[in-house]
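Student: Quick one: sequence and predicted model below, then my questions.
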Amino acid sequence: MVAGLAALTLGAARPAHADDDPPFTIGARPAWLVLGGLTTGGTVALADRGALVGGEASVVRLRDGNFIGLYGDGYYDWGVHGTYATAGLELGRQIFALDGGVALRFAQGDRDVGATGRITVGLGVAGVYARYAHFWDVAHDDNVIQVGLVLKLPLWTGGN
């Protein structure tokens, strides 16, 4: 019994190390995420209508159901027979996300530059989105509205 009390006393007096994990955590822990996946949908208004398919990647910081990060995507749209690429800032809270930034369109020998914004409602790895893009200095299809589905999976997660 004396040996047990001595071991308990010495163990309790041992200093904690800075790299020791806490014994338990209440609530969410902040994390970095790298996500990648597929996007599909269609151009539905204000431009040549057609289906689209492509890919998307993002790097976000997640904390307490909120996230902020950067995204980029690229996709082919059969309506304009061309490729879009967009990149920018991504913000979200729980199931809602908003992203926006620069948009490039390569179609029919032209390169158009513009801005884009998208709202997404997601559950798990799938999200339904609506996107608006506006292109400057173009004579045709300067405004684009698209709707679709995005499937994103975590490719890497990191703590703190």
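Tutor: Cool, got the structure.
Student: use CA for all of it now, contacts and neighbours both
Tutor: Fine.
Student: can you give me the offset of the longest strand anywhere in the chain from its chain's centre?
Tutor: In the chain, with assignment by DSSP state E, the single longest strand is strand 143-159. Here the centre of strand 143-159 is set off from its chain's centre by 5 Å, with Cα atoms, centre = their mean, to the nearest Å.
Student: Any buried residues in that strand, and which?
Tutor: Within strand 143-159, the residues scored as buried using 16 or more other Cα atoms under 10 Å are 143-152.
Student: likewise stretch 45-60?
Tutor: So, applying 16+ other Cα under 10 Å, buried residues of stretch 45-60: 47, 49-60.
Student: One more: stretch 119-131?
Tutor: So, applying 16+ other Cα under 10 Å, buried residues of stretch 119-131: 119-122, 126-131.
Student: Please compute how far that stretch lies from its chain's middle.
Tutor: Per Cα atoms, centre = their mean, the centroid offset for stretch 119-131 relative to its chain is 10 Å.
Student: Show the end-to-end separation of it, please.
Tutor: 7 Å (Cα to Cα, to the nearest Å).
Student: Now do the contacts for the residue most central in space within the chain.
Tutor: Centroid-nearest residue in the chain, with Cα atoms, centre = their mean: Ser58, separated by 4.5 Å. Neighbouring residues of Ser58 by Cα atoms under 8 Å, 6 or more residues apart in numbering: 34-36, 69-72.
Student: farthest pair in these?
Tutor: Based on Cα to Cα, the longest span within these runs between Gly36 and Gly69 and measures 13.2 Å.
Student: Compare the two (neighbour count), which wins?
Tutor: Gly36 (21 against 18; other Cα atoms under 10 Å).
Student: Identify the bridge partners of the more buried one.
Tutor: Ala57, Leu153 (DSSP bridges).
Student: That one and Glu90: what is the separation?
Tutor: Taking Cα to Cα, one finds Gly36 at 14 Å from Glu90.
Student: one step back: any chance of the buried residues of stretch 119-131 in JSON lines, plus secondary structure, pLDDT and distance to Leu98?
Tutor: Converted to JSON lines, these look like this (DSSP: H, G, I helix; E, B strand; the rest coil; pLDDT from 0 to 100; distance: Cα to Cα, whole Å):
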{"residue": "Ile119", "secondary structure": "strand", "pLDDT": "98", "distance to Leu98": "5"}
{"residue": "Thr120", "secondary structure": "strand", "pLDDT": "98", "distance to Leu98": "6"}
{"residue": "Val121", "secondary structure": "strand", "pLDDT": "98", "distance to Leu98": "9"}
{"residue": "Gly122", "secondary structure": "strand", "pLDDT": "96", "distance to Leu98": "11"}
{"residue": "Ala126", "secondary structure": "strand", "pLDDT": "97", "distance to Leu98": "15"}
{"residue": "Gly127", "secondary structure": "strand", "pLDDT": "97", "distance to Leu98": "12"}
{"residue": "Val128", "secondary structure": "strand", "pLDDT": "98", "distance to Leu98": "12"}
{"residue": "Tyr129", "secondary structure": "strand", "pLDDT": "98", "distance to Leu98": "9"}
{"residue": "Ala130", "secondary structure": "strand", "pLDDT": "98", "distance to Leu98": "10"}
{"residue": "Arg131", "secondary structure": "strand", "pLDDT": "98", "distance to Leu98": "10"}
